[in-house]
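Engineer: any chance you could fold what I've pasted below:
(chains A and B)
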Protein chains: 2
Amino acid sequence: MSMTLFGYYRSSASYRIRIVLNLKGLPWNYEAVLLNRGEQQQEGFLSRNPSGLVPVLESGNASLSQSLAIAEFIDEIHPDPALLPANSIERARVREIMGIIACDVHPLQNLRVLNWLREELDASDAQVTAWIHRWISSGFVAIESLLEQHNSDDQFCVGTTPTLADALLIPQVYNARRFALDLAPFPRLCAIDTHCQSLAAFADASPERQPDAPQ
Amino acid sequence: MSMTLFGYYRSSASYRIRIVLNLKGLPWNYEAVLLNRGEQQQEGFLSRNPSGLVPVLESGNASLSQSLAIAEFIDEIHPDPALLPANSIERARVREIMGIIACDVHPLQNLRVLNWLREELDASDAQVTAWIHRWISSGFVAIESLLEQHNSDDQFCVGTTPTLADALLIPQVYNARRFALDLAPFPRLCAIDTHCQSLAAFADASPERQPDAPQ
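Structural biologist: As a prediction, this is how the structure comes out:
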């Protein structure tokens, strides 16, 4: 069954799904939805996803939105290699890190949210940067502490193979760098980022390598 | 294995887990973490959850944070009654609704976020209310549209039995009412809320019935 990912090169949630698809070694098509031109709010796209957000995965007749749902779906229908551990506690550790990134950090730096801060609350550039740093930092403090408690190596977030936690972490580290957050307080997290970036599945998913990235 | 939920009566993410535990018919202990007194930032709690957020589930020796991770964990280790459908597309539909609420709506009305708007960006009460309404509304528009596309009855979000989607939706509707959002544009969502509230598992989980609620 062919799959098409509707995404945007710099969308962190799209980047997650590109990593997942690459880790699975699946063929997939990419359709850019140009957020910088507001294409996600146009009728053609809203009929695929009434939220007006990327990513959307089209698989057979189904259009699915929400990156966590898409990631779990791909892992269920293409179980090899597994991107969640077999053990329930370890699965929960993966989803705990996913939750920190997808719920506590990323929603607060979404483009529409930053636009609202600027347009409705007159936030200055410095205030927007402080806001972004505040939420990424506290999420990364929590993840660094969880890695210290539970992680045995510096290659992946949980266990010795890539999981969905890594597929979420690496795009968030990319965003942190983009917003010039000092990553020195997060050595474990940075070591995992360095290791994952050395793998083709992660590197090929990076924003710069997508066809809609500025050349 | 006994389970203890560390939560707060009015925390939406804690409310989700109370519903899940009740739907499973499991015995559980409740430990209130008084957010209004900042207990979530005190050392005793931070050692359980470095994020300084509720809920936390203690199960055996494990402390787990993040409500999505906790909900999936409970559903895995206590599979009966199942709170995710058997079919992968339907599971994805459940997680899609979970994602809209847990990623697109709820993080933006978290207490620490609203405090930041007030304290760092000098947002007025009216501006904070507009902010809250903006994000709940767009999430509810998306859910109402998904229900219209995929849902066959007006009792539950997906299928004919309660799922994790309902465990997330009902606390979010509670919050919407608390913030006086007009729910008239969302008749399907309201019908599901009315039906779920008629069930003890949902009603007993409501904020007002918790021991830390003001008497």
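
Engineer: give the buried residues for the worst-scoring helix or strand of chain A on mean pLDDT.
Structural biologist: Every helix and strand of chain A was ranked by mean pLDDT, DSSP states H and E. The lowest is helix A:43-46, at a mean of 90. For helix A:43-46, the neighbour count (16 or more other Cβ atoms under 10 Å in any protein chain shown) marks A:Phe45 as buried. Where C-beta positions appear, they are placed from N, C-alpha and C, glycine not excepted.

Engineer: same question, stretch A:111-119
Structural biologist: Residues A:Arg112, A:Val113, A:Trp116, A:Leu117 are the ones in stretch A:111-119 that count as buried (16+ other Cβ under 10 Å).

Engineer: tabulate the CA atom coordinates of it in CSV.
Structural biologist: This file holds the C-alpha atoms of stretch A:111-119, laid out as CSV (Å, rounded to 0.1, in the frame of the first residue of the first chain):
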residue,chain,number,x,y,z
LEU,A,111,4.2,28.8,14.0
ARG,A,112,0.6,29.8,14.6
VAL,A,113,1.3,30.2,18.3
LEU,A,114,4.3,32.4,17.8
ASN,A,115,2.3,34.5,15.3
TRP,A,116,-0.4,34.9,18.0
LEU,A,117,2.2,36.1,20.5
ARG,A,118,3.5,38.7,18.1
GLU,A,119,0.2,39.8,16.6
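
Engineer: what sits up against that stretch?
Structural biologist: If you take Cβ atoms under 8 Å, 6 or more residues apart in numbering or on different chains as the criterion, stretch A:111-119 is touched by A:Leu35, A:Pro107, A:Ala123, A:Gln127, A:Val128, A:Trp131, A:Ile132, B:Leu108, B:Leu121, B:Trp131, B:Arg134.

Engineer: and what of stretch A:204-215?
Structural biologist: Contact with stretch A:204-215 is made by A:7-10, A:15, A:18-19, A:22, A:30, A:32, A:34, A:174, A:203, as judged by Cβ under 8 Å, 6+ apart.

Engineer: ok, and of those, which contact chain B?
Structural biologist: Here nothing survives when the contacts of stretch A:204-215 are matched to chain B using Cβ under 8 Å from any Cβ of the partner chain.

Engineer: would you mind checking the residues you listed for buried ones?
Structural biologist: Among the contacts of stretch A:204-215, the ones that count as buried by 16+ other Cβ under 10 Å are A:Gly7, A:Tyr8, A:Tyr9, A:Arg10, A:Tyr15, A:Arg18, A:Ile19, A:Asn22, A:Ala32, A:Tyr174.

Engineer: dump the residue contacts of the closest residue to the second one other than its chain neighbours.
Structural biologist: Take A:Tyr8 and drop its neighbours on the chain: the residue closest to it by Cβ to Cβ, 6 or more residues apart in numbering or on different chains is A:Leu35, 4.8 Å away. Each residue near A:Leu35 by Cβ under 8 Å, 6+ apart is listed here: A:Tyr8, A:Arg10, A:Ser11, A:Val54, A:Leu111.

Engineer: follow-up on the earlier one: just the buried ones among the contacts of stretch A:204-215: which are in strands?
Structural biologist: Among the buried ones among the contacts of stretch A:204-215, the residues falling in strands (DSSP state E) are A:Gly7, A:Ala32.

Engineer: list the buried ones in the lengthiest helix in chain A?
Structural biologist: Using DSSP state H, we find that the single longest helix of chain A is helix A:125-150. With burial defined by 16+ other Cβ under 10 Å, the residues of helix A:125-150 counted as buried are A:127-128, A:131-133, A:135-147, A:150.

Engineer: for stretch A:171-190, same thing?
Structural biologist: If you call a residue buried by 16+ other Cβ under 10 Å, then stretch A:171-190 has these buried ones: A:Pro171, A:Gln172, A:Val173, A:Tyr174, A:Asn175, A:Ala176, A:Leu181, A:Leu183, A:Phe186, A:Arg188, A:Leu189, A:Cys190.

Engineer: cool, stretch A:197-215 as well?
Structural biologist: Buried residues in stretch A:197-215, counted by 16+ other Cβ under 10 Å: A:Leu199, A:Ala201, A:Phe202, A:Ala205, A:Ser206, A:Pro207, A:Gln210, A:Asp212.

Engineer: so what's A:Ser47 scoring on pLDDT?
Structural biologist: In this model, A:Ser47 is scored at 88, pLDDT.

Engineer: no, scratch that, I was asking about A:Met1
Structural biologist: As predicted, A:Met1 sits at a pLDDT of 69.

Engineer: just A:Gln215 next, same as before
Structural biologist: Here, the pLDDT recorded for A:Gln215 equals 82.
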